[in-house]
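Asker: fold the following, please.
(one chain, ligands or ions: 1)
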Amino acid sequence: TKVLVTGANGYIAVWIVRILLEQGYAVRGTVRSAPKGDYLKKLFEKEGEKFEYVVVDDITKDGAFDEAVKGVQAVLHTASPVVFDVKHPDELIKPAVHGTLSVLNSIAKFGTEVKRVVVTSSCAAILEPHDEGYIFSEKDWNDFSIKETEEKQEKAAPIHQYRTSKTLAERSAWDFVKGKDFQWDLVTILPPFVFGPLLQETATKDSLNFSTNLIYQAVVNPKTGDELYAYAGNWVDVRDVALAHVLALQKEAAGGERIIVSAGYYAWQDLYDELGKVPTPLPDTPKGVPSSTRAPPLVYSSEKAETILGIKFRNLGESAYETVVSARERVFPA
Ligand code: NDP
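Answerer: All right, here's what the predicted structure looks like:
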C-alpha cells in the first residue's frame, strides 16, 4: 500500500512517515522544495525506493496534487502553516483552506485508488469560549475565532487568525465530501499542542517548530508566580499523534469521524513536577513552587481516540523530557 503524506518534512509528518515505513507501507511525501525532500530521502535511506518525494511548491494552485495522488491508496494531508507572525490572516487561511481543497479536488479527479483521506485539523477548530467545566468534544466548532478574524482581520489576535485557518480548512473538507459518493471517506485528527522528540530538519534555531519551542522555553526561562498554576494547554506526544494518523487509515470505524487526540491538560507546575520524576532528570529542570493549587483547565474528551483508534497516551514527563533533550541535541547545542 502506498500513502501520500503532504508537508512530509513537518514536525508531525516526519513521524507519520517513519511509522508508515516501519509498518511496511510505501510513502510518497510532498515538500515545497527539493532540499527538504533530500533531507527526508537521507533520513529514510535504508528504506530505499519505499520512500519517495515530490515537490509541490504551491499547494493552493488548482491541480497542484493531480500527479501526486496517482497510484496511492490513502492520503494524509498535514501541510498547513503553523505561524503566528503573519501580516494578514489570508496568509494562513489561503494555504490552509485552498491547500485542503486542492488535495481533495485532485483526489476526486485522479485518486482512483484512494480509499481513505486523513486531514490534520487541530483542537484550534473546536476551541470556543464555554463555561468552566465544559468538556470539549468533536461536536464543537470554533465559530468564535472565525467571527473575531472576520471582524478584526489583521488586528485579530494571532491565535484567532491561526484557529480560523484550521477551522475553515477542516470545515471545507467536510463540506467537500457532504452528499457525495466517493470511493474514499474522510477522517480528521484534532491534536492540541504537540510535544516530543524532533526528527525534522533543524538546521537553524528558527527551525524549532512552534509547539516544541513552548516546552523548551519553559525550561530555559522558568515560569513563576501565578503563571505556574494557570491552565497552560492540552498536549499530546508527537509519536502518539503520528500513530493516530496511521490508525485513522487502518480502522474502518474511523471513517467519517473527527477525532480529538489529546493526552490531557497541564499547568506549568505539572510540567516541572513531571520533569522531576523522569529516570534521569535534567540538571537544570525548574522546580517551580510545588502546590496543589491549579486554575480551572480546559478539558477535551479523548474518548474517540481511545475507543476508535485504541491510542494509549504517553505521559507528560517522558514527552517533555525528550522534547528538551532533542531540542538541545539538534537545535541548541551547548
Ligand atoms: P510544522 O511547521 O513542523 O510543519 C508544517 C508543514 O506544513 C511543513 O511541511 C510546511 O512546509 C507545511 N506548510 C506550512 N505552510 C505552508 C504553506 N503556506 N504552503 C504549503 N505548505 C506549508 O508544523 P507541525 O508539524 O506542528 O504541523 C503539522 C500539522 O499539524 C498542521 O496542519 C498543523 O496545523 C497541525 N497541528 C499542529 C499542532 C502542534 O502543536 N504542532 C497542534 C494541532 C495541529 P515548509 O517546511 O516548506 O514550510
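Asker: where do the strands sit along the stretch 1-150 of the chain?
Answerer: 2-6, 26-31, 51-55, 74-77, 116-120, 135-136 (DSSP state E, counting those that start in this stretch).
Asker: now for the first one, which elements pack on it?
Answerer: Okay, so that is strand 2-6. For strand 2-6, the elements it packs on are helix 11-22, strand 26-31, strand 74-77, judged by 3 or more C-beta pairs under 8 Å, 6 or more residues apart in numbering; DSSP states H and E. Placement of C-beta: from N, CA and C, glycine included.
Asker: mind putting these into a markdown table with mean pLDDT?
Answerer: Below are the helices and strands packed on strand 2-6 laid out as a markdown table (pLDDT from 0 to 100):
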| stretch | mean pLDDT |
| --- | --- |
| helix 11-22 | 98 |
| strand 26-31 | 98 |
| strand 74-77 | 98 |
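Asker: show me where the stretch 201-334 of the chain has its strands.
Answerer: 231-237, 258-260, 264-267, 299-300.
Asker: now, of the ones you listed, which is deepest in the fold?
Answerer: strand 258-260 (a mean of 25; mean count of other C-beta atoms under 10 Å).
Asker: quick one: list the elements packing against that strand.
Answerer: By 3+ C-beta pairs under 8 Å, 6+ apart, strand 258-260 packs against strand 185-190, helix 303-304.
Asker: from those, which stretch is densest packed?
Answerer: When those are scored by mean count of other C-beta under 10 Å, the highest mean neighbour count falls to strand 185-190 (a mean of 24).
Asker: the very next helix or strand once past that strand pairs with which strands, parallel or anti?
Answerer: Tracing the chain C-terminally past strand 185-190 and defining elements by DSSP states H and E, one meets strand 193-195 next. Here strand 193-195 has these sheet partners by DSSP bridges: strand 231-237 (parallel).
Asker: is the partner strand in proximity to the ligand?
Answerer: No. For strand 231-237, no contact with the ligand is found by C-beta under 6 Å from any ligand atom; the gap never falls below 8.1 Å.
Asker: what angle sits between that strand and strand 185-190?
Answerer: Comparing the axes of strand 231-237 and strand 185-190 via axes from the mean of the first three to the mean of the last three C-alpha atoms, to 10 degrees yields an angle of 130 degrees.
Asker: picking that back up, same list, the helices and strands packed on strand 258-260, but as CSV with distance to Ser102 and mean pLDDT please.
Answerer: Putting those into CSV (distance: least, C-beta to C-beta, whole Å; pLDDT from 0 to 100) gives the following:
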stretch, distance to Ser102, mean pLDDT
strand 185-190, 15, 98
helix 303-304, 28, 98
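Asker: among these, which is nearest the ligand?
Answerer: strand 185-190 (7.2 Å; C-beta to the nearest ligand atom).
Asker: outside of the closest one itself, list whatever touches it.
Answerer: 115-123, 125-126, 138, 170, 173-174, 177, 241, 244-245, 248-249, 254-261 (C-beta atoms under 8 Å, 6 or more residues apart in numbering).
Asker: ok, and which of those residues reach the ligand?
Answerer: Answer for the contacts of strand 185-190 near the ligand (C-beta under 6 Å from any ligand atom): 120, 122.
Asker: residues in the stretch 1-150 of the chain within reach of the ligand, list them.
Answerer: Checking the stretch 1-150 of the chain against the ligand by C-beta under 6 Å from any ligand atom, the hits are 7, 9-13, 32, 36, 59, 78-82, 95, 99, 120, 122.
Asker: separate out the buried members of these.
Answerer: Restricting those to buried positions leaves 7, 9-13, 36, 59, 78-82, 95, 99, 120, 122, with burial counted as 16 or more other C-beta atoms under 10 Å.
Asker: for the residue of the chain found nearest the ligand, give me its contacts.
Answerer: Proximity of the chain to the ligand (C-beta to the nearest ligand atom) peaks at Gly10, 2.5 Å away. When contacts are counted by C-beta under 8 Å, 6+ apart, Gly10 touches 78-79, 200, 209.
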